[in-house]
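what shape does this take:
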Amino acid sequence: PVAQVRLGRMDHPLLGRRLANAEPTWQVQLDTGRLPYLADHRIQDNVLFPAAGYLEMATQAVRALTAGTGAALADLELRRALFLPDGEASTVQLSLTGDGAAFTIASLGGDRGAEPTVHATGVVRASQRLHTAAALDRAAVRERCQLALAGPDCYTALADLGYQYGPAFHGIERVWIGAG
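Numbers count the residues shown, from 1 in each chain. Reported below is the predicted structural model:
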């Protein structure tokens, strides 16, 4: 880790580089200039760091520590939205507790002495495949749904609510809506 910090090597584009702290901590500068696809995730015209990004950061942290291939996440709490101002970088840190399970993702304010803003917390561990879950019965799920939307119609409905997803976040092909 010391050589990594000294050389400034990044572990992952969202995780950044490991710091020389007592507890495992990574720091990254998040901005739409370095990660342009983030500009495609907007709420009411403001770039919002996606919740999936927090999950990816935690997963990559435990993978970096264990050299494993997967992670199990639990108890995710999204505390405060992380808006990324156009043309500005936000300094974000992910830290793990000494036992390596609980994580916190926080942004650091520009003012010295300012308290970090916690955006997400949770628990992450290296995954161990214990059993395989039964396959989802997609046909049964679809039968319970009263409405199906094509992907473009779904994004139009979301845009009407203030969610603007650009091409980098257009993964939905069809959505089925129903109770249960």
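
beta-bridge partners for residue 176, please?
Counting by DSSP bridges, residue 176 is bridged to residue 148.

that one and residue 143 touch, don't they?
No: look at residue 176 against residue 143 with C-beta atoms under 8 Å: they stay out of range, at 9.5 Å. Every C-beta, even on glycine, is put in place using the N, C-alpha and C of the backbone.

the more surrounded of those two?
residue 176 (14 against 10; other C-beta atoms under 10 Å).

and that one, how close does it get to residue 76?
Residue 176 sits 24 Å away from residue 76, taking C-beta to C-beta, to the nearest Å as the criterion.

got it, and residue 106?
The gap separating residue 106 from residue 76 is 15 Å, by C-beta to C-beta.

which residues touch the longest strand anywhere in the chain?
For the chain, the strand with the greatest residue count under DSSP state E is strand 117-126. Contact partners of strand 117-126, identified using C-beta atoms under 8 Å, 6 or more residues apart in numbering, comprise 49, 51, 54, 58-59, 61-63, 66, 68, 70-82, 92, 96, 100-107, 109.

higher neighbour count, residue 106 and residue 76?
Applying other C-beta under 10 Å to residue 106 and residue 76 shows that residue 106 carries more neighbours, namely 20 against 15.

show me what the more buried one is bridged to.
With DSSP bridges as the criterion, residue 106 is bridged to residue 93, residue 118.

that one contacts residue 93, doesn't it?
Yes: in this structure, residue 106 is within contact of residue 93 by C-beta under 8 Å, at 5.8 Å.
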